[in-house]
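> Got a predicted structure plus its sequence, pasted below:
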Amino acid sequence: MLPYTMKSLIYAILLLQSISALASSITDEQKIVAITLLAEARGEGDNGMGAVCAVIQQRAIERKQTAKQICLAKWQFSCWNGKSLKDLEYLLDLPQAKMAIYFAKNVNSMNRALVGYSNHYHATWMKKRPYWAKGKKPVKVIGQHAFYKL
């Protein structure tokens, strides 16, 4: 997503900050976005989390809502189904949280073209595809996520 040198610079800056300091310096909206990225794509690395963040931004633009509203909308991101912020805050202690927080702080400037302006995605390992993906071809596959523009 980011040029290699820029990515290296970001990592260097992030390494200088502790995760707890980062987590305490963000808004509730940024926490919710970061937690969503961690719950949905932490195993997919930076590119996977960035791709999910771009989907959040795309939906926010299309629906004229905030990133927080997009993340917490019922049945949109499975990590929030029946869970609260307090239930999932432990994710902010994971090593991947630094990059998730960086993306959350920059959700409004994600390069949505990298996911083909997708507004939906699902894990490719799912045995049963979501109803909305039936008969549709993904515009991108990044890691174990297939991205769609519906």
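Structure's in. What do you need? No experiment lies behind these values; they were computed from the predicted model shown.
> Going by C-alpha atoms from here, please, whenever you check contacts or count neighbours.
Fine.
> Next secondary structure after the helix-or-strand element of the chain with minimal mean pLDDT?
Ranking every helix and strand in the chain by mean pLDDT, DSSP states H and E puts helix 19-24 at the bottom, with a mean of 56. Using DSSP states H and E, the next helix or strand after helix 19-24 towards the C-terminus is helix 28-41.
> these two touch, right, Met80 and Lys68?
Actually, residue 80 is Trp rather than Met. No. Contact criterion CA atoms under 8 Å: Trp80 and Lys68 do not qualify, at 11.5 Å.
> Identify the contacts common to these two.
Here Trp80 and Lys68 have no joint contacts, going by CA atoms under 8 Å, 6 or more residues apart in numbering.
> Comparing those two, which residue is more hemmed in?
In this view Trp80 and Lys68 are compared by other CA atoms under 10 Å, and Trp80 has more residues nearby, 20 against 17.
> Need the outlier residue of the protein, farthest from its centre.
Gly135 (25.1 Å; CA atoms, centre = their mean).
> For that residue, give its distance to Phe147.
Counting by CA to CA, to the nearest Å, the gap from Gly135 to Phe147 is 14 Å.
> just Ile35 next, same as before
Relative to Phe147, Ile35 is positioned 20 Å away (CA to CA).
> got the residue ranges for the strands in this structure?
For the chain, the strands defined by DSSP state E occupy 120-123, 140-142, 145-148.
> packing partners for the second one?
Packing contacts for strand 140-142, counted by 3 or more CA pairs under 8 Å, 6 or more residues apart in numbering; DSSP states H and E, involve helix 45-63, strand 145-148.
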